[in-house]
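Q: what follows is a predicted protein model with its sequence.
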Amino acid sequence: MPPGSTGPATTVSDLLAGDCPGRTLLSHIASRWGVLVLTALHQGPLRFHQLRDGIGGISEKMLSQTLRVLCRDGLIRREVEPTTPPRVSYGLTPLGEELMSELQGFIAWIALRTEEITAAWDRHDSTA
């Protein structure tokens with residue numbers, strides 16, 4: 001069990017079960033926008049419009065939903081500055097930072113292998 005955890009560790013076979021909380025978390029992180037939002041916030045806290053403008057193709061509705069879910073999961077924090085109008089920014093929590101340190105290898109692999117993957121797409125599409 002990881003330090004600071006309060007319950008039994010989730011196993012791979014648990015993730016395959018439909019009712020596993022770890023599977024729910026995995027679906028949030030691996031959603032269309034989850035990893036991209038987390039990656040953007042890994043650079044430091046950002047305001048809503050900075051996230052929207054920095055993540056190509058995300059709508060305001062999807063960004064709002066993704067932020068709400070990741071906040072509930074404890075991966076990002078929402079901070080409201082008491083100004084007029086209020087300034088709201090989002091940043092990673094310590095749990096989100098820990099997750100991003102794990103995801104860095106995955107993101108680096110994508111950068112390293114993108115050319116090979118797109119070549120595979122081309123090969124597949126030319127025979128379909």
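A: Noted; the coordinates are in hand.
Q: tell me where this protein has helices.
A: For the chain, the helices identified by DSSP state H occupy 12-16, 21-29, 34-42, 48-54, 60-72, 94-127, in order along the chain.
Q: what's the closest of those helices to Glu81?
A: With CB to CB as the criterion, Glu81 lies closest to helix 48-54 of the helices of the chain, at 13.0 Å. For glycine as for every other residue, the C-beta is placed from the backbone atoms N, C-alpha and C.
Q: so for the closest one, what gets flagged as buried?
A: Neighbour counts using 16 or more other CB atoms under 10 Å place Phe48, Leu51 of helix 48-54 among the buried residues.
Q: pull that helix out as CSV, backbone CA atoms only.
A: Taking C-alpha atoms only, helix 48-54 is exported to CSV below (Å, rounded to 0.1, in the frame of the first residue of the first chain):
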residue,chain,number,x,y,z
PHE,A,48,-9.8,29.2,-17.2
HIS,A,49,-9.3,31.2,-20.3
GLN,A,50,-5.6,30.2,-20.4
LEU,A,51,-6.5,26.6,-20.2
ARG,A,52,-9.2,27.0,-22.9
ASP,A,53,-6.9,28.8,-25.2
GLY,A,54,-3.9,26.5,-24.6
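Q: from the contact counts, what lies against it?
A: Where contact means 3 or more CB pairs under 8 Å, 6 or more residues apart in numbering; DSSP states H and E, helix 48-54 is packed against helix 34-42, helix 60-72, strand 87-92.
Q: hmm, 7 Å instead?
A: helix 34-42, helix 60-72 (3 or more CB pairs under 7 Å, 6 or more residues apart in numbering; DSSP states H and E).
Q: ranking those by burial, who's on top?
A: helix 34-42 (a mean of 20; mean count of other CB atoms under 10 Å).
Q: distance between it and the chain's centre?
A: Relative to its chain's centre, helix 34-42 lies at 5 Å (CA atoms, centre = their mean, to the nearest Å).
Q: which residue sits closest to Leu16, ignoring its sequence neighbours?
A: With CB to CB, 6 or more residues apart in numbering as the measure, Arg23 is the residue that lies nearest to Leu16, at 7.7 Å, once sequence neighbours are left out.
Q: pretty sure that neighbour sits against Ala30.
A: No: look at Arg23 against Ala30 with CB atoms under 7 Å: they stay out of range, at 10.3 Å.
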